[in-house]
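Student: got a predicted model here, sequence first, then my questions.
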Amino acid sequence: TNIYRTWEPWFASIIPSDEAKGVLSAFVLDEPHSGTLAPRGGANNVCDVSKPYEDSVDLVVRASAVGEAPPSDEASLLLIRTEEDCWLYR
């Protein structure tokens, strides 16, 4: 959620647990990977009032192999960045 009064570009990515050795992550980030958050509270869309601009986004992370759970010791990270903030989730 955007807590600022400005439009905020954001980017999300998965960082594999062993990126330095070229190991692929057991997780995949579904679309979208980036976008722009509206100012805090959202904003009206003058072109289509039924589709206001949102100040938050829902991200979906799933296992990369369908039907297979990632190893319990897999420690990939979800990184989400804006110009103002950075969040890191294990």
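Tutor: Great, that's in hand.

Student: next one: phi and psi at the residue lying closest to Leu37 once chain neighbours are set aside?
Tutor: Once flanking residues are discounted, Leu37 sits nearest to Asn2: 3.9 Å by Cβ to Cβ, 6 or more residues apart in numbering. In short, each C-beta sits where N, CA and C put it, glycine included. The main-chain torsion angles of Asn2 are listed as degrees, to the nearest 10 and equal phi -80, psi 120.

Student: swap in the one 5 residues further on?
Tutor: Note on Trp7: backbone dihedrals following degrees, to the nearest 10 are phi -70, psi 130.

Student: give me the neighbour count for it.
Tutor: Trp7 is surrounded by 14 other residues when neighbours are defined as other Cβ atoms under 10 Å.

Student: what does the pLDDT read for it?
Tutor: According to the model's per-residue confidence, Trp7 sits at a pLDDT of 88.
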